[in-house]
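Participant: Need a 3D model of the following:
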Amino acid sequence: MIVTKVLVIGGGGREHAIVWALQRGRRKCEVVCAPGNGGIAQTATCVPVNVKDLGDLIRVVAEQQPDLTIIGPELPLSLGMVDEMQRRGLKVFGPTQAAAQLETSKGFAKEFMQRWRIPTAHYAVCTSLDEVHASLPLFHVPMVVKADGLAAGKGVLICKTRDEVLAAAEGLFSGKLLGVAETRIVLEEFLEGEEISFLVLCDGKHGLPLAPAQDHKRIGEGDTGLNTGGMGAYSLDSLLDSHMTEWLMTHVVQPTLDGMSAEEMPFTGVLYCGLMMTARGPMVLEYNARFGDPETQAILPRLETSLLTVLEAAVDGKLDSLELRWKPGASACVVAASAGYPGEYKTGDAISGLEETAKDVAVFHAGTTLKRGKLVTSGGRVLAVSATGDDLQTALGKAYAALEKIHFDGMYFRRDIGHRALSKNS
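Facilitator: Prediction:
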């Protein structure tokens with residue numbers, strides 16, 4: 001039997017879900033993860049790497065000589081890891097540095113959407129406080145202020161007054177808010193509606209949609225408190241019916257792929273469309289250029305087609321010949337975080353109870369490490385507990401039952417994941 005060697009770059013819950021999906025597929029593959037984490041190390045080989053250092057990333061590829069490399073986080077994409085691998089004739093799943101601008105520059109993404117008539121919020125790109133002052137009369141409050149560059153989910157501020165807009169802009173330009181001074185920021189109209197995560201596999205010309213998902217960004221129940229990297233997600237076919245999926249593919253995804261090709265930046269990888277379903281119709285809030293986190297931990301447990309086969313087809317430009325098979329019903333993912341997250345939190349706390357969770361529940365590790373053979377916390381988001389079921393209530397029940405058996409000091413998780421969908425069905 002032919003064994004395919006796959007290198008997964010990254011060390012969070014998303015990467016653990018990718019590793020898990022590769023290993024449970026029908027095709028035999030050897031999986032190496034760099035740098036990985038304590039959970040991934042239990043089933044795959046983990047090798048150290050500095051994901052902020054392009055030279056070190058390429059060193060690991062050269063040492064491991066994988067048949068396929070999958071890039072999880074956005075930072076290696078922004079550094080041009082795909083470009084360097086393509087120059088060497090190596091197979092890699094992910095967009096080039098130029099194509100990844102859809103995520104790495106909010107200003108680029110907004111201007112691109114305007115050029116290609118992709119529905120999005122009204123906006124202004126500003127390079128100074130004077131430009132912010134000049135643009136303010138074009139908007140009603142509340143407004144959204146966004147950092148142009150990557151900000152690890154912390155660069156989006158909702159402002160209720162014009163004074164708050166000016167304070168946010170000053171904080172971004174000065175570096176007070178993010179620690180790095182922005183040279184460009186984006187002002188946007190505030191959109192109301194329901195958010196949907198619409199992820200599409202792309203091969204440069206064709207798109208193949210994944211099951212839709214909904215993320216829960218806020219730390220507190222009832223969607224209150226500070227924004228986080230995501231406290232949970234669920235996937236349910238009824239989030240988008242077939243007609244809406246077709247509309248999004250026709251009016252959002254295909255124009256994006258056609259536009260990127262026309263501008264000589266063909267997009268291969270995962271096009272993550274963060275949508276707001278407004279009274280005016282679907283609007284693109286943002287693009288990401290990779291699998292979402294924690295959406296991936298909710299989506300991949302439903303995928304019945306071989307992930308390896310699908311990603312190879314994307315790299316080879318053959319997605320139009322594939323159809324994805326999905327487990328019917330629903331899936332849910334609940335994140336267990338360290339006390340204090342998304343602010344300051346401590347690490348090094350022992351994790352117990354993982355072996356007591358049910359076999360039909362997947363526990364994806366996001367911030368764990370092995371210390372003297374024992375699993376301990378090493379991040380703000382520590383675990384993502386995922387389960388599938390005939391309906392959302394069943395999937396959530398399994399995930400929460402598993403969480404009741406897991407323990408680390410200060411463990412916190414939201415108990416209302418999926419509340420919007422559940423309230424609609426009640």
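
Participant: From here on, just use CA atoms for contacts and neighbour counts.
Facilitator: Fine.

Participant: check contacts around the residue positioned nearest the centre of the chain.
Facilitator: Centroid-nearest residue in the chain, with C-alpha atoms, centre = their mean: Gly292, separated by 1.6 Å. Contact partners of Gly292, counting by C-alpha atoms under 8 Å, 6 or more residues apart in numbering, are 14, 199, 272.

Participant: now the residue lying closest to Gln97 once chain neighbours are set aside: how far from Ala147?
Facilitator: For Gln97, ignoring the flanking residues on the chain, the nearest one in space by C-alpha to C-alpha, 6 or more residues apart in numbering is Gly80 at 4.6 Å. Using C-alpha to C-alpha, to the nearest Å, Gly80 is found at 21 Å from Ala147.

Participant: Quick check on the contacts of Gly292: which are buried?
Facilitator: Taking 16 or more other C-alpha atoms under 10 Å as the criterion, what is buried in the contacts of Gly292 is 14, 199, 272.

Participant: can you list the residues that contact the helix or strand encompassing the first one?
Facilitator: Remark: Arg14 resides in helix 13-24, with elements defined by DSSP states H and E. The list of residues contacting helix 13-24 from outside it, by C-alpha under 8 Å, 6+ apart, reads 8-9, 29-31, 33, 36, 39-40, 44, 72, 291-294, 296-297, 300-301, 306-308, 364-367, 383-384.

Participant: in it, what's buried?
Facilitator: Within helix 13-24, the residues scored as buried using 16+ other C-alpha under 10 Å are 13-23.

Participant: got any ranges where the stretch 101-250 of the chain has weak pLDDT?
Facilitator: The model of the stretch 101-250 of the chain has pLDDT under 70 over residues 152-154.

Participant: how about 80 then?
Facilitator: The stretch 101-250 of the chain contains residues with pLDDT under 80 at 151-154.

Participant: what's the spacing between Leu271 and Leu191?
Facilitator: 21 Å.

Participant: Could you check which of these two has the larger neighbour count?
Facilitator: Taking neighbours as other C-alpha atoms under 10 Å, Leu271 and Leu191 compare with Leu271 leading, 29 against 19.

Participant: Could you give the backbone dihedrals for that one?
Facilitator: Main-chain dihedrals, Leu271, degrees, to the nearest 10: phi -90, psi 110.

Participant: Any idea what it is bridged to?
Facilitator: Val200 (DSSP bridges).

Participant: In contact with it, which residues?
Facilitator: Residues counted as contacts of Leu271 (C-alpha under 8 Å, 6+ apart) are 199-202, 287-291.

Participant: Isn't Asp293 up against Tyr234?
Facilitator: No: at 11.6 Å, Asp293 does not count as touching Tyr234 under the criterion of C-alpha atoms under 8 Å.

Participant: In terms of packing, which of the two has more residues around it?
Facilitator: A count of neighbours by other C-alpha under 10 Å puts Tyr234 above the other of Asp293 and Tyr234, at 30 against 23.

Participant: Look up the residues forming beta bridges with that one.
Facilitator: Gln214, Ala332.

Participant: Give me the distance between it and Gly12.
Facilitator: Per C-alpha to C-alpha, Tyr234 is found 18 Å from Gly12.

Participant: just so I have it, where are all the helices in the stretch 301-426 of the chain?
Facilitator: 307-315, 392-403, 419-425 (DSSP state H, counting those that start in this stretch).

Participant: Figure out which of those helices is closest to Arg372.
Facilitator: In terms of C-alpha to C-alpha, the element of the helices of the stretch 301-426 of the chain nearest to Arg372 is helix 392-403, at 24.3 Å.

Participant: Could you list every helix and strand that that closest one packs against?
Facilitator: Under the contact definition 3 or more C-alpha pairs under 8 Å, 6 or more residues apart in numbering; DSSP states H and E, helix 392-403 sits against strand 330-337, strand 361-365, strand 381-389.

Participant: Using CSV, lay out these together with mean pLDDT.
Facilitator: As requested, the helices and strands packed on helix 392-403 are arranged in CSV below (pLDDT from 0 to 100):
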stretch, mean pLDDT
strand 330-337, 98
strand 361-365, 98
strand 381-389, 98
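
Participant: Would you format these as TSV with mean neighbour count and distance to Gln254 included?
Facilitator: TSV is the format used below for the helices and strands packed on helix 392-403 (neighbours: other C-alpha atoms under 10 Å; distance: least, C-alpha to C-alpha, whole Å):
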stretch	mean neighbour count	distance to Gln254
strand 330-337	30	27
strand 361-365	24	32
strand 381-389	27	30
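
Participant: now, which of the contacts of Gly292 sits nearest Tyr123?
Facilitator: Closest to Tyr123 out of these is Tyr272 (20.1 Å), distances taken as C-alpha to C-alpha.

Participant: I figured that closest one hits Gly207, correct?
Facilitator: No: between Tyr272 and Gly207 there is no contact under C-alpha under 8 Å: 11.3 Å.

Participant: Find the residues that touch each one of these two.
Facilitator: With C-alpha under 8 Å, 6+ apart, Tyr272 and Gly207 have common neighbours Val200.

Participant: more crowded one of Gly80 and Ala147?
Facilitator: Comparing Gly80 with Ala147 by neighbour count (other C-alpha under 10 Å), the higher total belongs to Ala147, at 26 against 17.

Participant: give the contact list for the more buried one.
Facilitator: Going by C-alpha under 8 Å, 6+ apart, Ala147 touches 106, 155-156, 172, 182, 184-186.

Participant: Tell me the bridge partners for it.
Facilitator: Following DSSP bridges, Ala147 is listed with bridge partners Ile185.

Participant: what's the spacing between it and Val180?
Facilitator: Distance from Ala147 to Val180, counting by C-alpha to C-alpha: 10 Å.

Participant: Overlap in contacts, these two.
Facilitator: With C-alpha under 8 Å, 6+ apart as the test, Ala147 and Val180 both reach Leu172.

Participant: Among the buried residues of helix 13-24, find me the one that's closest to Thr224.
Facilitator: Of the buried residues of helix 13-24, the one sitting nearest to Thr224 (C-alpha to C-alpha) turns out to be Gly13, at 23.1 Å.
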